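J.: Have a look; sequence and predicted model below, questions after that.
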Amino acid sequence: MDVGKQTAKPGYDVRVSDEPDGSGRLRFAFVPRGGDGLPPEYLVTVTGHGAGTSFSWIKEPEGAELRQELEKVAKGRVAARRAWLDRLAALVAEVKAWADEFGWVTKVVDKKMEDQEVGNYKAPALVAQDGPVRLFLEPVARAAPGAEGLVDLYLMPAYDDVASLYHYGGRWNVHYLFGGRPDVANIREAQAEPLTKDILRRVFDEMRSHAG
């Protein structure tokens, strides 16, 4: 299933998709730029990531230099996908552990994500519930301006009280308009706090107080 295209190098676009056999491998199609509707010029299946990355060419370039360059592009995108999923998994596990300590009922769920650069994938998300109050920790984007990832935490189902978690400076930072703070034009402008168990507790408590 084609999930989009991004320029890989002068002259080529890249289309990334899952292999249909459900193996978790990715197929990269390198298409001449402006060649919409035309078959790809080169096709490769990529297995693994990092040092364990391997390539199985279906339609291979004749020149070793071009092949190596295209493999470098594919390897970089696989690594970016893996880094994001690992970061998300660690975040969800940490928030789940804290929510469990608070006595909330938690459940990890999958969310389908689309990304033109690294392909479609399923990302971990978290539902946390305390009585009638339900919160959803939802991955939003692998990249955002000035950040290496964006995740929202909000009241379900109304999405009317939102904390946004941006990853920058090597950590997750919570942007949330706590009571008593001046209004802002958007949640990104809210004063940031490093994500800690205490900050999460404050966010949970305020959101619960706002629940109708």
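T.: Arrived safely. Keep in mind that this is a model prediction, so the values were computed, not measured. Numbering: from 1, shown residues only.
J.: What residues of stretch 140-152 count as buried?
T.: Using 16 or more other CB atoms under 10 Å as the test for burial, stretch 140-152 gives 142, 144, 147, 148, 149, 150, 151, 152. In this view, the C-beta of every residue, glycine as well, is placed from N, C-alpha and C.
J.: care to break this structure down by domain?
T.: With domains defined by automatic domain parsing, the chain comprises 5-83, 85-210.
J.: Including mean pLDDT, could those domains go into TSV?
T.: Shown next, in TSV, are the domains of the chain (pLDDT from 0 to 100):
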stretch	mean pLDDT
domain 5-83	86
domain 85-210	92
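J.: from memory residue 132 sits against residue 156, does it?
T.: No. Taking CB atoms under 8 Å as the definition, residue 132 is not a contact partner of residue 156, at 10.6 Å.
J.: report the longest helix in the chain, please.
T.: helix 64-102 (DSSP state H).
J.: The helix or strand following it packs against which elements?
T.: Next along the chain after helix 64-102, taking DSSP states H and E as the criterion, comes strand 105-113. Applying 3 or more CB pairs under 8 Å, 6 or more residues apart in numbering; DSSP states H and E, we find strand 105-113 packed against helix 64-102, strand 121-130, strand 133-141.
J.: Right, I'll leave it there.
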